[in-house]
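Colleague: the following block contains a protein sequence and its predicted model.
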Protein chains: 2
Amino acid sequence: MNGPTMRHRLLLPALAYALIAAGATPACADEGMWMPSQLPDIAGQMKAAGFEGRPEALSELAQPPMNAVVKVGGGSGAFVSADGLVLTNHHVAFGVIQYNSTSGRDLIADGFVAADRAAELPANPDYRVLVTTGFERITDRVLAAAGGKRGRAYFDAVDAAGKTAVAECEQAPAQRCSIANMYYGSDFYLVRQLELRDIRLVYAPPGSIGNYGGEVDNFMWPRHSGDFTLLRAYVGPDGRPADHSPGNVPFKPPAHLQMSTRNVKQGDYAMLAGYPGITFRHRMASEFAGQVEWQLPSRIALYRRMIEVIERAGASDAEARVRYASQLRGLLNGLKRAQGELDGLRRSDAVSVRRADETAMLAWLDGRADADAIRADIAAAQAVLDEVAATRDRDQLVAQILRQTQLLRAAVTVQRLALERDKPGAERESGYQQRDEALIEGQLRQVQRRYAPSVEQALLTDLVLQYLTLPADQHLPEFDAVFGTSPEQVRASVGALYAGTALGDEEVRVAAMQADRDALAASQDPLLRAAARLMPALLRLEDAFKTHEGELLRLRPAYMRALTGFREANGQAVYPDANSTLRVSYGRISTLDPRDGVRYRPLTTVQGIVEKHTGEEPFDAPRPLLEAIARGDFGSTAEPSLDTQTVNFMTNLDTTGGNSGSPVLDAEGRLIGLNFDSNWEAVSASWMYDPRYKRAIHVDMRYLRWLMSKVYPAPHLLEEMRLPAE
Amino acid sequence: MNGPTMRHRLLLPALAYALIAAGATPACADEGMWMPSQLPDIAGQMKAAGFEGRPEALSELAQPPMNAVVKVGGGSGAFVSADGLVLTNHHVAFGVIQYNSTSGRDLIADGFVAADRAAELPANPDYRVLVTTGFERITDRVLAAAGGKRGRAYFDAVDAAGKTAVAECEQAPAQRCSIANMYYGSDFYLVRQLELRDIRLVYAPPGSIGNYGGEVDNFMWPRHSGDFTLLRAYVGPDGRPADHSPGNVPFKPPAHLQMSTRNVKQGDYAMLAGYPGITFRHRMASEFAGQVEWQLPSRIALYRRMIEVIERAGASDAEARVRYASQLRGLLNGLKRAQGELDGLRRSDAVSVRRADETAMLAWLDGRADADAIRADIAAAQAVLDEVAATRDRDQLVAQILRQTQLLRAAVTVQRLALERDKPGAERESGYQQRDEALIEGQLRQVQRRYAPSVEQALLTDLVLQYLTLPADQHLPEFDAVFGTSPEQVRASVGALYAGTALGDEEVRVAAMQADRDALAASQDPLLRAAARLMPALLRLEDAFKTHEGELLRLRPAYMRALTGFREANGQAVYPDANSTLRVSYGRISTLDPRDGVRYRPLTTVQGIVEKHTGEEPFDAPRPLLEAIARGDFGSTAEPSLDTQTVNFMTNLDTTGGNSGSPVLDAEGRLIGLNFDSNWEAVSASWMYDPRYKRAIHVDMRYLRWLMSKVYPAPHLLEEMRLPAE
């Protein structure tokens, strides 16, 4: 499934917007994650694809229907009733369902239908629904102090200006603000969002419907998942966002989408709105090559090795296996994604395609007045990328040492927090500010459920042994001092760190976090001392990272100018790479020919649920569903041409992670589907949209209506959504 | 792939024709493995399907084109030139290719093109091509002495009559004869075949073309295999079959098939002739239930357990792993087939379908004059089946004890041969006759390559431990005496058998085989003595088996009469279940919807070879092939609608194991394909033809022509087959 957007944390947290890439590409058939404001510019192609509305009506994000599209948890969603019902994916709302499950009431297994509003269950307090209310270009303001600066200074100037703008903006009550970097530093926008904080669970199918097929079917077509959940947003009696309270009332959204009661079929126009997380479509050709030739192969090798180490270390320890199950699942998923992305980029010959495109773009520059300036900036950006590449093996290993360990990471976090506490509030690093401390404490406590000393020692030892084999000029003196420079020393030093540390105790970790700087400096805990000794190296890497990022923020706009000009010269509009802001894609319900001799049909039916059913997870369709299928009582929700109930459908819509829960609309703007996944062949679409392979997978709203009508009935909710009872 | 027909040996060899089942079914769309003589009866349905020739012309197996279709090795094939070129599968001719490979000349890897006739390589001496020349109904003769008899006596009478007829028939030089049992004992035919003994290798593609996809793709669609080889049959200068000799000359077949130069497409008529091995379509409903409810689940459990035992016992012994690789592969393949068959029979709801059909048949009997007699025979047959079922768990274990061990089986074979040698020639059991002794010696010698004491002991121990858990009334006193009745005794006795035996030595085994009865009786070798003690039990089981088979031979014809009558009343012709005799199927080039949301297209292209290519076996397409694909130089062999070269195609033709190498003809009788496999969804077709899922997989003759023209050129052979040079 499209996971909630993953924040890519490299080493230590840095400004999110500096890490989130954004650029522009050729708009080949149905490609594009368009800013709503761009839609009038591409009205012609939308109409040609079959859109029957006015693109202008979609361009205003504070007007219907765009203001019905929301950010939910880590994904997307939409208001679907006048009383604040929010439709999103089961997997996006999974935390809410889990939060309300107890040993006596397993909502994950059984699903949930709130009989009335009083029965609706409050979400975990940090769960949010965000309604975008403003999107203001503030490029000049963000870049004002950056002019003439370079590297780290450029980065810091942009960072500071952004922080100031956000802080100012958040003076307004219940307004959450953020900076969106468009076209790789070319433009900056201030995004305003209404933050709804009292969210309640209204309707969830059983997990064996909502996640039918589980990990086995993940990324796969054909698919048979009812991956949806209905939530409701509540506000205070005054109509303003409020924390959960029994006296709160349903939020009256400015707009909501109407679910369609019409049939859909292959070739139909479809469009989708949501918050895609991150794409790399407009990266430089050399970055495409780096991804295919180094990043993905090396990640695959590294993840495989970590998986082996964890499995071996946990082989004879059942409890350790339980504690590392989630980390292992994450690594396996990362491995699968990396392999899929690599296969896809090779299949699409992405490096050659991008390189040819870039070569044509550079040739097009010839004779233009700004050609030399642009070429100089591109060459300088390439030099930065080359410098980054020189230590990429080391940096990847150091990042994993901090990401995959629990106790060492905790020690580093504690030491870093102590450093940041000494700074004035505004200068504290993102992620280590006053408001982050509760989150940090929670993470330190959670270590308990995810840590086994034998596994962490094995993993850390293996990662440091890999680091040992790097050329001498990549070594970090602080790492060498802490871990030693021979395999024997590494094993001995890691053993000593874990034999002597008391951080395995939850209260000791939390106490270390709360200790003042002197007390921490006096600690004899070997892991805390090791973290302190490593800290200068980590800060140096962070500084290098910000210096590089600053230079790229300064230099990439030249590349984007060239690309945009080149595209325009070819009559093509350019959309920015995804960056978790509201975007619109359009296309159609489509077959897929995944490989020679095979055609995937675009609509699946309940027949597939029966075919896949084994009675065992993840193919354990619940009895009421199987019985309803056997009865064949599909009513108005059946697809007449198939004479049965559809389940999922597939489009060529342009999506990425973060688009989970995006509403899919027909040519007239009615809600026909709910996006929840992409196909395996399209894992590489974050880098390149290949129209032969890029598909998105949606819950057919007729399946939702049938489940709510005939299988786990909720007639009051159908009525609220102005849908027929059956 | 459709393996060469597997002789099902239960316990000890019995008459092949008594084991080969044959019956009749409803002829639903394109179902049927028709005897050529039946084709005029179904002329209407063949014409309706698109056949443009005269079905009468196909009904004479001594006339063209049927006399061009031959039995090759364990599969089928066809003459494709006037000079005796035989086309069959790479996997059917694999033994010939292997036989001619040496460390310096790896024809499996490199393929082979004979530059001229002098360069053609002789096959292994036991390799045969058989041309069916006669098919004579001799039911009265076979059953003459059986009348009035029952059980074992009925079996022996049929057996003796068949043996006499075969012996008489084989007086003619180079004539190989056999008895074919049609419709489960209703009819017996004497089959005459011309036995060609000098077969030579002419053209084989590299194994990475002939077996592209290997075990991974086995049973799978889409497929991309060039699974073909050309052989040539030679005869003595006098034109009569002869052993290999340099002075032999190419055989001039009575007819040969002409390869088509036309295109083929979805929906085109197709038909196929060959030697399908065995099907169970017309078995009784209770036998369907036994297969689904007991046989397949118990086989799956037993095979899994044996696989585990062999893997565990060989875990720390690399040499043992090599020795058991082939046995393990056989078990894994058997497990996969059993699981596929079970899945398929369940998917087709085969038990219910067959039961409803049988119920309707029995109801149709009402009021007919012979109804009571038929019902009485069916009831009696059911009683026999019930009796067989009462000890089926034990019998399956005993069969595996003999099948999966090497040394114990060798000891039993030696003892049995000694018993049979005492009988007059005609009374000796099939498989233990004078003419079988060379084969037996070869098998005893081969044990050396397939045996490791630790693995065999572990396997035998585990099988006997399973036997121990059976109810007391299934125990065999001889087995209890040899192995003991407690787990400790079993372990101790198996250990002692293998600690003391000298049969692990090849020469000792062969000497034991050649010893006279007294010397053998005096042997103190513990395994030979154990085999002697087990022998009475094994002979008892064999006698019970023949008694049951005799009764079923006597009783099943009543069931077949009812079924045939019932079908005829519904206007349906009936074909006999497959029994390795020449049959014809017809149908068309077809898509397959294997599961909800997926459609398989019926033609694959070279694009799929490139997609699957990994450079590692079994997806290691050879460089000349990849280069030729990249050049795109397909000439007259390309499919115009796809603008590329096709590789394989799929039809709904009715096939089973033994049909490997069957020629596929178009509506006018031209050779368009070479059958080589079925799809995974059709593994259960040996019991039930489900038109939704039954497909056969063929090499497109255009791919063969392209390979022979552009990739591994053999212009002289194309010319001999009267085909264009490119």
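Modeller: Structure's in. What do you need?

Colleague: can you give me the helices in the stretch 451-600 of chain A?
Modeller: A:453-468, A:477-483, A:487-500, A:506-514, A:517-522, A:526-569 (DSSP state H, counting those that start in this stretch).

Colleague: with mean pLDDT added, can I get these in JSON lines?
Modeller: Converted to JSON lines, the helices of the stretch 451-600 of chain A look like this (pLDDT from 0 to 100):
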{"stretch": "helix A:453-468", "mean pLDDT": "97"}
{"stretch": "helix A:477-483", "mean pLDDT": "98"}
{"stretch": "helix A:487-500", "mean pLDDT": "97"}
{"stretch": "helix A:506-514", "mean pLDDT": "95"}
{"stretch": "helix A:517-522", "mean pLDDT": "91"}
{"stretch": "helix A:526-569", "mean pLDDT": "97"}
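
Colleague: looking at those, which is closest to chain B?
Modeller: Chain B sits nearest to helix A:453-468 of all those, at 23.1 Å, using C-beta to the nearest C-beta. For every residue, glycine as well, the C-beta is placed using N, CA and C.

Colleague: and that closest one, what does it pack onto?
Modeller: helix A:296-313, helix A:318-323, helix A:392-404, helix A:407-421, helix A:477-483, helix A:487-500 (3 or more C-beta pairs under 8 Å, 6 or more residues apart in numbering or on different chains; DSSP states H and E).

Colleague: now that helix: buried residues?
Modeller: Applying a neighbour-count criterion of 16 or more other C-beta atoms under 10 Å in any protein chain shown, one finds A:455-464, A:466-468 buried in helix A:453-468.

Colleague: so it versus helix A:487-500, what angle?
Modeller: Counting by axes from the mean of the first three to the mean of the last three C-alpha atoms, to 10 degrees, helix A:453-468 lies at 150 degrees to helix A:487-500.

Colleague: next one: phi and psi at A:Leu121?
Modeller: Main-chain torsions, A:Leu121, degrees, to the nearest 10: phi -100, psi 130.

Colleague: who's it bridged to?
Modeller: Under DSSP bridges, the beta-bridge partners of A:Leu121 are A:Leu201.

Colleague: tell me the contacts of the residue lying closest to A:Arg702 once chain neighbours are set aside?
Modeller: Sequence neighbours aside, A:Thr637 is the residue nearest to A:Arg702 in space, at 4.2 Å (criterion: C-beta to C-beta, 6 or more residues apart in numbering or on different chains). Remark: with contacts taken as C-beta atoms under 8 Å, 6 or more residues apart in numbering or on different chains, A:Thr637 is in contact with A:645, A:702-703, A:705-706, A:709, A:726.

Colleague: one more time with 6 Å, if that's ok
Modeller: A:702, A:705-706 (C-beta atoms under 6 Å, 6 or more residues apart in numbering or on different chains).

Colleague: next SSE after the lowest-mean-pLDDT helix or strand in chain A?
Modeller: Using mean pLDDT, DSSP states H and E, the weakest-scoring helix or strand in chain A turns out to be helix A:16-19, at a mean of 26. Downstream of helix A:16-19, the first helix or strand assigned by DSSP states H and E is helix A:43-49.

Colleague: so for that next one, mean pLDDT?
Modeller: The pLDDT scores in helix A:43-49 average 93.

Colleague: who's in contact with that helix?
Modeller: A:55, A:269, A:586.

Colleague: over to stretch A:481-500?
Modeller: A:453, A:457, A:460-461, A:464-465, A:526-527, A:530, A:533-534.

Colleague: which helix or which strand is home to the residue of chain A positioned farthest from its centre?
Modeller: Going by C-alpha atoms, centre = their mean, the residue of chain A most distant from its centre is A:Gly367, 41.5 Å out. Assessed by DSSP H and E, A:Gly367 sits outside every helix and strand.

Colleague: could you report the neighbour count for A:Ala621?
Modeller: 20 (other C-beta atoms under 10 Å in any protein chain shown).

Colleague: that one touches A:Ile609, doesn't it?
Modeller: Yes: if you go by C-beta atoms under 6 Å, A:Ala621 and A:Ile609 touch, sitting 5.2 Å apart.

Colleague: any chance of the buried residues of helix A:453-468 in CSV, plus distance to B:Gln339?
Modeller: Below are the buried residues of helix A:453-468 laid out as CSV (distance: C-beta to C-beta, whole Å):
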residue, distance to B:Gln339
A:Val455, 35
A:Glu456, 40
A:Gln457, 42
A:Ala458, 37
A:Leu459, 37
A:Leu460, 42
A:Thr461, 42
A:Asp462, 38
A:Leu463, 41
A:Val464, 45
A:Gln466, 41
A:Tyr467, 46
A:Leu468, 47
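
Colleague: bridging residues for A:Val72?
Modeller: Under the criterion used (DSSP bridges), A:Val72 bridges to A:Gly75, A:Val129.

Colleague: how many neighbours does it have?
Modeller: 29.

Colleague: can you check A:Asp422 too?
Modeller: There are 9 residues near A:Asp422, going by other C-beta under 10 Å.

Colleague: list the contacts for it?
Modeller: Per C-beta under 6 Å, 6+ apart, neighbours of A:Asp422: none.

Colleague: okay, now the domains of chain A?
Modeller: With automatic domain parsing as the criterion, the domains of chain A are listed as A:1-16+A:67-128+A:197-281+A:581-726, A:406-554.

Colleague: how far out from the middle of the chain is the shortest one?
Modeller: Between the centre of domain A:406-554 and the centre of its host chain there is 26 Å, according to C-alpha atoms, centre = their mean, to the nearest Å.

Colleague: mind checking how far the residue of the stretch 351-500 of chain A found nearest chain B is from B:Thr614?
Modeller: For the stretch 351-500 of chain A and chain B, the shortest gap (C-beta to the nearest C-beta) falls at A:Ser352, measuring 14.3 Å. The gap separating A:Ser352 from B:Thr614 is 20 Å, by C-beta to C-beta, to the nearest Å.

Colleague: between these two, tell me which one has more neighbours.
Modeller: Neighbour count, other C-beta under 10 Å: between A:Ser352 and B:Thr614, A:Ser352 has more, with 12 against 9.

Colleague: residues touching the more buried one, list them.
Modeller: A:Ser352 touches nothing, counting by C-beta under 6 Å, 6+ apart.
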